[in-house]
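K.L.:
sharing a model that was predicted from the sequence below.
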Amino acid sequence: MKNFKYCPECKLKLINNSDFFKCENCGQIIYKNSAPTASILIIDHDKVLLGKRAINPFKGKYDIIGGFLKYGEDPIAGVLREVKEETGLKIKIIELLGIYMDTYGDGGESTLNICYIGKIVSGKMKASDDVAELEWVPIDKLPKPAFKSQIKTFKDLQKWYLSRGAEN
């Protein structure tokens with residue numbers, strides 16, 4: 001969590017409460033919220049498309065396609081944007097897989113991760129942005145992921161696939 005010291009409005013010292021920072025002078029409040037992300041597990045038969053991170057944290061580790069949402073951005077719009085930026089693909093969302101909490105980076109910023117399942121609609125696959133390479137991985141042989149919450153995400157994907165994914 002960022003440790004704000006001064007009010008962005010009046011520039012006086014902030015008081016750090018457990019859920020927010022507050023300026024006693026002007027009343028400005030800065031909430032301590034988890035950063036929202038949107039990601040997608042793109043499936044094709046019995047495989048899922050994963051990326052290898054091109055940047056830290058966890059450079060070179062397997063990651064789910066997706067990223068941080070822009071201010072006010074709808075999670076579906078955000079995941080479509082991230083997929084296009086990172087893979088060059090246009091996708092169709094099949095359903096919401098789940099919402100997972102985690103941390104990001106050296107400071108351990110709290111993240112709220114919204115994860116979908118989807119399929120490719122069109123486009124030419126090419127790793128770009130913060131993805132070094134893309135790889136189709138068998139759903140029953142998923143690698144160790146970059147982020148801790150993705151262990152549960154991968155387990156949920158495997159359960160989803162066993163229950164209804166083979167139909168898609």
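P.N.:
Yep, that arrived.
K.L.:
which other helices and strands does the helix or strand hosting K52 contact?
P.N.:
Using DSSP states H and E, K52 sits within strand 47-53. Taking 3 or more C-beta pairs under 8 Å, 6 or more residues apart in numbering; DSSP states H and E as contact, the helices and strands that strand 47-53 lies on are strand 35-44, strand 62-63, strand 65-68, helix 75-87, strand 131-138. In this view, the C-beta of every residue, glycine as well, is placed from N, C-alpha and C.
K.L.:
who does it pair up with?
P.N.:
Strand 47-53 has the following sheet partners, assigned by DSSP bridges: strand 35-44 (antiparallel), strand 62-63 (antiparallel), strand 131-138 (antiparallel).
K.L.:
show the average pLDDT along the first one.
P.N.:
Yep, that's strand 35-44 we're talking about. Confidence for strand 35-44, expressed as mean pLDDT, is 97.
K.L.:
biggest helix in the protein, by residue count?
P.N.:
Ranked by number of residues, the top helix in the chain under DSSP state H is helix 149-163.
K.L.:
now that one: buried residues?
P.N.:
Using 16 or more other C-beta atoms under 10 Å as the test for burial, helix 149-163 gives S149, Q150, T153, F154, D156, L157, W160, Y161.
K.L.:
summarise which helices and strands that helix is packed against.
P.N.:
For helix 149-163, the packing partners by 3+ C-beta pairs under 8 Å, 6+ apart come out as strand 35-44, strand 89-104, strand 109-123.
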